[in-house]
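Engineer: pasted the sequence and its predicted model underneath.
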Amino acid sequence: GSNLNHRSVDVDTMATRSMTQANLSRSVSGGLVGLNNLGNTCFMASALQCLSNIPALTQFFISDAYVNEINEKNPIGNRGDLARAYGDLMKQMWCGNSSTVAPRHFKSVLGRCAPQFSGYLQQDSQELMAFLLDGLHEDLNRITNKPYINQEDAPENTADSVAAQ
């Protein structure tokens, strides 16, 4: 009984993944696009290429599904600016007619949202990816009114309190 249900979920998941990949590969450039290096920004290009090749994520952005999810009022987000810039870049990479893209607009928005990435020096690709994923998460966060939690009411998760239990 339960194995049959588990199998049907796997088939559905595989079918969805296959359809998403087919939709992406039908685009004009199919994502086979290089990103121009702007100074020493190969760290950024490598992170963007990795994220770009996650079919469900890229489909979410190039289909504009993300637009209705933008949370401009999240106090720890970027008013949707980072999500919009990333969405625009994904469209250039997957739906454009060029073999290369210069991610100048994305780089500019990234620098405004995270000053540590504003220059043209080499940075850590993993740090960029962590910031970008968190920034997209906050720009698209569905919780519009985050309740304030008083420190006195917050559960204690310190090592001392866990060890004492």
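Structural biologist: Good, I have the coordinates.

Engineer: where along this structure do the helices fall?
Structural biologist: Using DSSP state H, the helices found in the chain span residues 2-25, 42-52, 55-62, 81-95, 104-113, 125-139, 159-164.

Engineer: please put the alpha-carbon coordinates of stretch 32-52 into PDB.
Structural biologist: Provided in PDB are the C-alpha atoms of stretch 32-52 (Å, rounded to 0.1, in the frame of the first residue of the first chain):
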ATOM      1  CA  LEU A  32      23.700  28.400 -22.700                       C
ATOM      2  CA  VAL A  33      24.800  31.900 -22.000                       C
ATOM      3  CA  GLY A  34      28.100  33.200 -20.700                       C
ATOM      4  CA  LEU A  35      28.200  36.100 -18.200                       C
ATOM      5  CA  ASN A  36      30.700  38.800 -19.000                       C
ATOM      6  CA  ASN A  37      33.300  39.400 -16.300                       C
ATOM      7  CA  LEU A  38      32.900  42.900 -14.800                       C
ATOM      8  CA  GLY A  39      36.300  43.300 -13.200                       C
ATOM      9  CA  ASN A  40      37.000  40.300 -11.100                       C
ATOM     10  CA  THR A  41      33.400  39.100 -10.900                       C
ATOM     11  CA  CYS A  42      33.900  35.500 -11.900                       C
ATOM     12  CA  PHE A  43      32.900  34.600  -8.300                       C
ATOM     13  CA  MET A  44      29.500  36.100  -9.100                       C
ATOM     14  CA  ALA A  45      29.200  34.500 -12.500                       C
ATOM     15  CA  SER A  46      29.900  31.000 -11.100                       C
ATOM     16  CA  ALA A  47      27.200  31.400  -8.400                       C
ATOM     17  CA  LEU A  48      24.700  32.800 -10.800                       C
ATOM     18  CA  GLN A  49      25.300  30.000 -13.300                       C
ATOM     19  CA  CYS A  50      24.800  27.400 -10.600                       C
ATOM     20  CA  LEU A  51      21.500  28.900  -9.500                       C
ATOM     21  CA  SER A  52      20.400  29.500 -13.100                       C
END
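
Engineer: residues touching that stretch, excluding its own?
Structural biologist: The set of residues external to stretch 32-52 that reach it, using C-beta atoms under 8 Å, 6 or more residues apart in numbering, is 31, 57-58, 89-90, 92-94, 96, 98-104, 106-107, 110, 117, 119-126, 128-129, 132-133. C-beta coordinates here come from the backbone N, C-alpha and C atoms, glycine included.

Engineer: one more: stretch 126-144?
Structural biologist: Under C-beta under 8 Å, 6+ apart, the answer for stretch 126-144 is 43-44, 47, 50-51, 66, 69-71, 73-74, 76-83, 86, 110, 113-114, 116-117.
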